[in-house]
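Visitor: Sequence and predicted structure below; questions after.
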Amino acid sequence: MSDLAIRCRGLVKRYPPDVVAVDGLDLEVRRGECFGLLGPNGAGKTTTVEILEGLLPPTAGDVEILGARWERDAAHLRARVGITLQETHLPERLTVEEVVRLFRSFYPRGRSEDEVIGLVSLEEKRRARYDRLSGGQKQRLAVACALVGEPELLFLDEPTTGLDPQSRRQLWDVVSDVKRQGRSVLLTTHYMDEAERLCDRVAIVDRGKVIALGTPRELIQRVVGHEVVEFEAPADGVSEPELRALPGVQAVRRGAAGWALTVDRLHLALPALLDRLDGRGVALSALSTHRATLEDVFVALTGRRLRD
């Protein structure tokens, strides 16, 4: 058995006349890990996930899922994967337990209805109709449907978008439980705290290509540094070369509202910055520092925010 849950090489997806959604993407997801696929809207990550799920045919490239291929092993694979789409529409007049029972019937083996409903904390809603559920409850039910077949590989495409903080954390616990069982998860998300909390490794995708790959900690330290200093000052108060020359500064970025410095020695960089501005008589209108995040990694690599 391969130690990879997902392997794709040279993945390409084109739409006529000349749109390239995925452009030669390579990806490997190990068995037993939670792998995050991150990128802005339009980066190609959802198209990539839909190809990996067997929902879209690729234009070119090679894809293996759990050592099998969709073109010849589709029925076999359907019994081994669970999928939660960005938007899921289920029969409105069915109750929670009826929906779970329906999806359980699709699989040769799996979890009991009671167990899955409990996993997503919908016990009190088991007899409620789908059209009476809140948005968060509907999303948790969609995850229950993906889990009921006890999948070896779970696809979660932005599963917590629009959920309240409590519902998000409940789903985090579900993903952590799946990982503890040695199963694999491919997760797309716009929430960087979610990716840092859940993912063993992440790939950042932009314009249909993987532009960075590693653990969250590796990417933050390799691409950005340990800390970020953001400040606002008059545009002519300080220059980029001056900021790059400050001790401890690794990178400098000019934004619409001010400057962002990525630094590895905050105790040196911040006093030096304040001394430089004070010596110039430059007044700060805002100053903040924070530990570097995956959001900072993406901005450093692409110049864009994840939601741009």
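Guide: Arrived safely. Quantities reported herein were computed from a predicted structural model and do not represent experimental measurements.
Visitor: Would you map the strands across the stretch 151-300 of the chain?
Guide: Using DSSP state E, counting those that start in this stretch, the strands of the stretch 151-300 of the chain run over residues 153-157, 184-188, 201-206, 209-214, 227-232, 249-254, 259-263, 286-291.
Visitor: tell me, which of the ones you listed is the model least confident about?
Guide: Looking at the strands of the stretch 151-300 of the chain, the lowest mean pLDDT belongs to strand 249-254 (a mean of 84).
Visitor: who's in contact with Gly214?
Guide: 201-202, 222 (Cβ atoms under 8 Å, 6 or more residues apart in numbering). (C-beta placed from N, C-alpha, C; glycine too.)
Visitor: Could you turn the buried ones of those into a PyMOL selection?
Guide: For the buried members of the contacts of Gly214, the matching PyMOL selection, counting by 16 or more other Cβ atoms under 10 Å, is:
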select buried, resi 201+202
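Visitor: can you tell me which of the contacts of Gly214 lies nearest to Thr293?
Guide: Distance to Thr293 across these (Cβ to Cβ) is lowest for Val202, with 11.7 Å.
Visitor: roughly how far apart are that closest one and His89?
Guide: With distances taken as Cβ to Cβ, to the nearest Å, Val202 is found 29 Å from His89.
Visitor: now swap in Thr48 and tell me
Guide: Relative to His89, and taking Cβ to Cβ, Thr48 is found at 23 Å.
Visitor: And for Ala60?
Guide: Ala60 is 31 Å from His89, by Cβ to Cβ.
Visitor: rewinding a little: can you lay out the strands of the stretch 151-300 of the chain as a markdown table showing distance to Thr95?
Guide: Formatted as a markdown table, these follow (distance: least, Cβ to Cβ, whole Å):
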| stretch | distance to Thr95 |
| --- | --- |
| strand 153-157 | 24 |
| strand 184-188 | 28 |
| strand 201-206 | 37 |
| strand 209-214 | 42 |
| strand 227-232 | 48 |
| strand 249-254 | 51 |
| strand 259-263 | 50 |
| strand 286-291 | 45 |
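Visitor: Which stretches in the stretch 1-150 of the chain count as strands?
Guide: 4-15, 19-30, 34-38, 60-65, 81-84.
Visitor: and Val12, how many neighbours?
Guide: Neighbourhood size, Val12 [other Cβ atoms under 10 Å]: 16.
Visitor: Name the spans of the stretch 1-150 of the chain whose pLDDT lies under the cut-off.
Guide: Across the stretch 1-150 of the chain, the ranges flagged by pLDDT under 70 are 1.
Visitor: Just the helices from it, written as ranges.
Guide: 45-52, 70-78, 96-104, 113-119, 135-147 (DSSP state H, counting those that start in this stretch).
Visitor: Adding distance to Gly24 and mean neighbour count, write those out as JSON lines.
Guide: Listed next are these as JSON lines, based on distance: least, Cβ to Cβ, whole Å; neighbours: other Cβ atoms under 10 Å:
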{"stretch": "helix 45-52", "distance to Gly24": "11", "mean neighbour count": "24"}
{"stretch": "helix 70-78", "distance to Gly24": "19", "mean neighbour count": "13"}
{"stretch": "helix 96-104", "distance to Gly24": "35", "mean neighbour count": "20"}
{"stretch": "helix 113-119", "distance to Gly24": "38", "mean neighbour count": "18"}
{"stretch": "helix 135-147", "distance to Gly24": "29", "mean neighbour count": "22"}
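Visitor: Those: which one's closest to Ser288?
Guide: Between the helices of the stretch 1-150 of the chain, helix 45-52 lies closest to Ser288; by Cβ to Cβ that is 29.6 Å.
Visitor: can you pull the contacts of the spatially closest residue to Arg31 that is not a sequence neighbour?
Guide: Closest residue to Arg31 apart from its sequence neighbours, by Cβ to Cβ, 6 or more residues apart in numbering: Ala5 at 4.9 Å. Applying Cβ under 8 Å, 6+ apart to Ala5 gives the contacts 29-31, 33, 65-66, 152-153, 184, 186.
Visitor: how about CSV for those, with neighbour count and distance to Tyr130 added?
Guide: Converted to CSV, the contacts of Ala5 look like this (neighbours: other Cβ atoms under 10 Å; distance: Cβ to Cβ, whole Å):
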residue, neighbour count, distance to Tyr130
Val29, 23, 31
Arg30, 15, 35
Arg31, 17, 33
Glu33, 17, 33
Ile65, 24, 29
Leu66, 21, 30
Glu152, 19, 27
Leu153, 22, 26
Ser184, 24, 29
Leu186, 25, 26
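Visitor: This completes my enquiry, with thanks.
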